[in-house]
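Participant: Return a 3D structure for these sequence lines:
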Amino acid sequence: MRYPLHVAMALLLAACGGTPLPDAGERYALLIRNATVIDGSGKRPYTGSILIGGDTIAYVGRDALTGFEADTVIDARGRVVAPGFIDPHAHGDPFRTPGFDNFRRMGVTTIVLGMDGSSPGAEDPVAYSRRLDSLDTGISVLRMVGHGTIRALCEADTLCMQASIRRHIGAGVIGLSTGIEYHPGYLADADELAAIARPVAEAGLPVASHVRSEDTDRILESVMELIEQGRRSGARVHVSHLKLVFGEDPAQTRPVLDALTSTGATADVYPYIASYTGIGIVFPEWALPPNEYAAVLKSRRGELAAYLRDRVNRRKGPAATLFGTAPYAGRTLAQVADSLGKPFEEVLMEDIGPFGASAAYFVMDQAVMERILLHPSVVVSSDGSPTMLHPRGYGSFARIIREHVLEKRQLSLEAAIRKMSGQTADILGLSDRGYLRTGMRADVLLFDPAEVRDRATFTAPFRTAVGFDDVWVSGRRSP
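Facilitator: Predicted structure coming up:
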């Protein structure tokens, strides 16, 4: 990884015997003393200080910095200072909700949008970047370019897609996202996937993929398809929101996790057993575009009903699908079917259709998901947004600390923070954040882990997390 010169010098000095003290004659913006420092590297915590000047960390280390002056001085005895968390897979519209308060309240200072193969601004990425840069967002917003979006724009022409990706890279995106389970992503073959990843590889950027299937019997081949895309193109590859739908035995994760280990691929996971996406996820490909749904319904009605009945029952039945959009928001597919007096597959075919709703699907096993979370190649994401009717957009990062660090003791605090900061920065190729190091961006959290709590639920998904009251983004304290 390439670091800016000032960061590289600081790292070299640290390796040679410690971080040098800055100029005591200057006045700084913030001085935090007596904190438990967890720097994002996974190393053991220590008691120390952090000094911020402008938007940059001027010092972090064991020195008490007596004699230094700052506009704000905090005695952080009993609290942890850590790098701001990075969400590698988020959703939302920065022009509608520029504050992204839901993320900041759980300690996230950087999010990545443009995921699952869908991204805005495809027609003029430079103009879109300028519009985004002009916003006063509450946190840092980074973007990927979506394969599905540019595929539609380019009418599947490979050279056009490659040129579009290069334009997006020039406009500042940090990678390519694919959504191979969705239209039009699932139309791409191996040659197309390799071709679209080559411009990304040339720029040293990653490919993040919602893989072709997350079902237990297909997840390995889907992950291997992504790994092959990386092998043929030279790009780093990353599995978005890794899960095993239908999986009930943690041992079932072993082939997939072994594939990550042996190839250097990485993944992220959110700490919930329900996914959230459009209802089209339960429909067969032959009922989705480019096929005309009305024609499919007329000519293959019986076959479609049988497919939906089997598919939903395999996904733990209609009671495991909880709608998040009108007119059925807050009700399960089973409840809707009962209220309408018809089988659930008829509701799906006639009343909803493949694009008529989004829902949460309770299709994962807790022990299986925990096995994935604990793997060293896996980091934390939310896959959430300010408006999504799923608690992950408001609780994921706080939930990691509350449940997996404090309650279940599956992760040390420093290991959890690494999965939410430094390791994620490394995966994304971000050399200016993710760690508490001299010269890095001053994205800083100060908190008492015992006070951290996620409050969002499936019936109240918009409750913000608590415990992260002191958050600085680029040296600026968030309200």
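Participant: only C-alpha atoms for contact and neighbour calcs from this point on.
Facilitator: OK.
Participant: Ser49 reaches Ile32, doesn't it?
Facilitator: Yes: counting by Cα atoms under 8 Å, Ser49 does reach Ile32; the two are 5.4 Å apart.
Participant: if I read this right, Ala442 contacts Tyr435, doesn't it?
Facilitator: No: counting by Cα under 8 Å, Ala442 stays clear of Tyr435, with 9.4 Å between them.
Participant: and those two? which has more neighbours close in?
Facilitator: Ala442 (31 against 27; other Cα atoms under 10 Å).
Participant: quick one, what contacts the more buried one?
Facilitator: If a contact means Cα atoms under 8 Å, 6 or more residues apart in numbering, then Ala442 has Ile52, Asp55, Thr56, Ile57, Arg433, Trp472, Val473, Ser474, Gly475 as its contacts.
Participant: measure it to Thr149 for me?
Facilitator: 34 Å (Cα to Cα, to the nearest Å).
Participant: what about the stretch 51-200 of the chain, any weak spots by pLDDT?
Facilitator: Applying pLDDT under 70 to the stretch 51-200 of the chain picks out no residues at all.
Participant: mind listing the strands in it by residue range?
Facilitator: 56-61, 69-75, 80-83, 85-87, 108-113, 140-143, 145-146, 176-179 (DSSP state E, counting those that start in this stretch).
Participant: can you state the direction angle for whichever strand in the chain runs longest and strand 56-61?
Facilitator: Using DSSP state E, we find that the single longest strand of the chain is strand 27-37. Here the directions of strand 27-37 and strand 56-61 differ by 40 degrees (axes from the mean of the first three to the mean of the last three Cα atoms, to 10 degrees).
Participant: Partner strands of strand 27-37 and their direction?
Facilitator: Strand 27-37 sits in its sheet next to strand 46-53 (antiparallel), strand 69-75 (parallel), strand 80-83 (parallel), going by DSSP bridges.
Participant: Pick the most buried one from those.
Facilitator: The highest average neighbour count among these, using mean count of other Cα atoms under 10 Å, belongs to strand 80-83 at a mean of 27.
Participant: buried ones in stretch 378-391?
Facilitator: 378-386, 388-391 (16 or more other Cα atoms under 10 Å).
Participant: Name the pair among the residues you listed with the greatest separation in space.
Facilitator: The span of the buried residues of stretch 378-391, defined through Cα to Cα, is set by Val378 and Leu389 at 24.9 Å.
Participant: which residues in the stretch 201-350 of the chain form strands?
Facilitator: 206-210, 236-239, 266-269, 275-278, 321-323.
Participant: Can you tell me which of those is nearest to Gly353?
Facilitator: So among those, strand 275-278 is nearest, using Cα to Cα, at 10.4 Å.
Participant: Can you spell out which helices and strands pack onto the closest one?
Facilitator: Contact partners of strand 275-278 among helices and strands, from 3 or more Cα pairs under 8 Å, 6 or more residues apart in numbering; DSSP states H and E: strand 358-361.
Participant: Quick check: which helices or strands does whichever helix or strand comes after the strand it packs on pack against?
Facilitator: Counting by DSSP states H and E, the next helix or strand C-terminal to strand 358-361 is helix 366-374. Under the contact definition 3+ Cα pairs under 8 Å, 6+ apart, helix 366-374 sits against strand 266-269, strand 378-380.
Participant: Relative to Gly434, how far out is Asp426?
Facilitator: 8 Å.
Participant: Ok, Leu159 next?
Facilitator: 35 Å.
Participant: Of those two, give the one with the bigger neighbour count.
Facilitator: Higher neighbour count among Leu159 and Gly434: Gly434, with 32 against 12, using other Cα under 10 Å.
Participant: surely the more buried one meets Gly422?
Facilitator: Yes: counting by Cα under 8 Å, Gly422 is a contact partner of Gly434 at 4.2 Å.
Participant: Tell me how many other residues surround Gly247.
Facilitator: Residues within reach of Gly247, counting by other Cα under 10 Å, total 21.
Participant: Could you find the closest non-adjacent residue to it?
Facilitator: Nearest residue to Gly247, sequence neighbours excluded (Cα to Cα, 6 or more residues apart in numbering): Thr216, at 5.7 Å.
Participant: mind checking the backbone torsions on that neighbour?
Facilitator: phi -60, psi -40 (degrees, to the nearest 10).
Participant: contacting residues around it?
Facilitator: If a contact means Cα under 8 Å, 6+ apart, then Thr216 has Leu244, Val245, Phe246, Gly247, Gln252 as its contacts.
Participant: Wait, the fourth one touches Ala367, no?
Facilitator: No: shown here, Gly247 and Ala367 do not form a contact pair, counting by Cα under 8 Å, at 9.5 Å.
Participant: between the helices and strands packed on helix 366-374, which gets nearest to Phe68?
Facilitator: The nearest among these, by Cα to Cα, is strand 378-380 at 36.3 Å.
Participant: What mean pLDDT does the next helix or strand after that closest one get?
Facilitator: Next along the chain after strand 378-380, taking DSSP H and E as the criterion, comes helix 392-399. Averaged across helix 392-399, pLDDT comes to 98.
Participant: Give me the contact list for helix 392-399.
Facilitator: So helix 392-399 is contacted by 90, 102-103, 105-108, 270-272, 380-386, 420, 452-456, 461-466 (Cα under 8 Å, 6+ apart).
Participant: And the helices in the stretch 151-300 of the chain?
Facilitator: 158-170, 190-202, 219-233, 254-263, 293-299 (DSSP state H, counting those that start in this stretch).
Participant: JSON lines for those helices, including distance to Leu373?
Facilitator: Output for the helices of the stretch 151-300 of the chain, formatted as JSON lines (distance: least, Cα to Cα, whole Å):
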{"stretch": "helix 158-170", "distance to Leu373": "30"}
{"stretch": "helix 190-202", "distance to Leu373": "27"}
{"stretch": "helix 219-233", "distance to Leu373": "16"}
{"stretch": "helix 254-263", "distance to Leu373": "10"}
{"stretch": "helix 293-299", "distance to Leu373": "38"}
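Participant: tell me, what's touching Gly434 and Gly422 both at once?
Facilitator: Gly40, Pro83.
Participant: Who are the contact partners of Val200?
Facilitator: Ile165, Arg166, Ile169, Gly175, Leu176, Pro206, Val207, Ala235.
Participant: looking at it, the second one is touching Ala201, isn't it?
Facilitator: No: between Arg166 and Ala201 there is no contact, the gap being 10.9 Å when judged by Cα under 8 Å.
Participant: Just give the closest residue to the residue most central in space within the chain, not the sequence neighbours.
Facilitator: Nearest to the geometric centre of the chain sits His89, at 2.1 Å (Cα atoms, centre = their mean). When the adjacent residues along the chain are set aside, His89 lies closest to Asp383, with 5.1 Å between them (Cα to Cα, 6+ apart).
Participant: Got the confidence number for the one you found?
Facilitator: The predicted local confidence for Asp383 is 98.
Participant: Val237 now?
Facilitator: 98.
Participant: ok now do it, which residues does it touch?
Facilitator: Contacts of Val237 (Cα under 8 Å, 6+ apart): Pro206, Val207, Ala208, Ser209, Leu226, Ile227, Gln229, Gly230, Ala265, Thr266.
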